[in-house]
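Student: Make a model of this:
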Amino acid sequence: MSDFATKPIVVGVLQCGEVPDTLSAQFPDYNEMIEIGLKRADHNIHCKTFRVLDGEIPHPTACDAWITTGSRFSVNDSNEWTEKFGEFVSDAHQLKIPFVGICYGMQMMAKALGGRVAYAEKGWGVGVATSNVYEKAPWMVNQKAVANLVVSHQEQVTELPAEAVLMAGSDFCPNGIFQVGSSMLGIQGHPEFTTDYSRALMDARRSIIPAEAVEAGMDSLSKPVDGSWTFDSIILFIKSQLT
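Tutor: Numbering: from 1, shown residues only. Next comes the predicted model:
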């Protein structure tokens, strides 16, 4: 049995974006949201943030496991940190180090491993989205027919990597959750986002999100959200690779 059963697991939080300045006084930053979710699921988890968006890209062996934040940037951007982050994801896959991509991170995981990412034909995804769960993985806390998560994205994975197994999706976002090999997990939704933050973010982006999408997104916030279930499952996924 691995000593991970007794010593804290160090999870590197790869910060790819930030809470908008206009909301930073009301809400924790994205890396802090991720840490809150992980520690609620397992208080023994130790988190260390790396500001990927500032070019701080560590070696994949620097932590026991990795998880990303979301981002306002695109994985299709042409700049140094985006390209180096893609290399990081590819290297983590080759080394079989547990990696959980949230939103932007999931899209980078798809692109780096041979898939495709593009603007969604149906436009913005905002509010609480419902995905059908197709596969019961050993790391899922319990069997669910559907999973509700807060979303905020224009782009999505349009073609999965060759080795990917689709775990959940919807008509709006067919590739909602997928796994590549035993160590790579991608989740389009945001388990770290609360409905309060979703509401504030939609309000802040009314100038760029169509009014009908905002209205539907606001209406969806009455749905129950499976953020805790998702973080519990993420912890099990990480631990399953370290024991």
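
Student: From Glu212, how far out is the residue nearest the centre of the chain?
Tutor: With distances taken as C-alpha atoms, centre = their mean, Ile102 lies nearest the centre of the chain, 0.8 Å away. For Ile102, the distance to Glu212 equals 26 Å [C-beta to C-beta, to the nearest Å]. (Each C-beta comes from the backbone N, C-alpha and C, glycine too.)

Student: pLDDT below threshold where in the chain?
Tutor: Scanning the chain for pLDDT under 70 picks out 1-6.

Student: try it again with 80
Tutor: Along the chain, the model assigns pLDDT under 80 to residues 1-7, 243.

Student: For it, just list every one of the strands.
Tutor: Using DSSP state E, the strands found in the chain span residues 10-14, 46-50, 65-68, 99-102, 116-119, 125-133, 146-153, 155-159, 164-169, 177-180, 184-187.

Student: Distance from the chain centre to the first one, please.
Tutor: When C-alpha coordinates are averaged (C-alpha atoms, centre = their mean, to the nearest Å), strand 10-14 and its chain have centres 13 Å apart.

Student: Name the surrounding residues that touch it.
Tutor: With contacts defined as C-beta atoms under 8 Å, 6 or more residues apart in numbering, strand 10-14 is touched by 31, 34-35, 38, 45-50, 52, 58, 62-69, 85, 88, 105, 238.

Student: if I look at the closest residue to Val150 other than its chain neighbours, how far off is Asn44?
Tutor: Counting by C-beta to C-beta, 6 or more residues apart in numbering, Phe193 is the residue found nearest to Val150 once chain neighbours are left out, at 3.9 Å. Relative to Asn44, Phe193 is positioned 24 Å away (criterion: C-beta to C-beta).

Student: quick one, which of the two is more surrounded?
Tutor: More neighbours surround Phe193 than the other of Phe193 and Asn44, with 24 against 11 (other C-beta atoms under 10 Å).

Student: got the contact list for the more buried one?
Tutor: Taking C-beta under 8 Å, 6+ apart, we find Phe193 in contact with 33, 149-150, 152, 201, 227.

Student: Of those - the most surrounded one?
Tutor: Within the contacts of Phe193, most neighbours by other C-beta under 10 Å means Val150, with 28 neighbours.

Student: Quick check: beta-bridge partners of that one?
Tutor: Beta-bridge partners recorded for Val150 (DSSP bridges): Val128, His190.

Student: Same check on the one 5 residues further on?
Tutor: Residues found in beta-bridge contact with Glu155 (criterion: DSSP bridges) are Tyr119.
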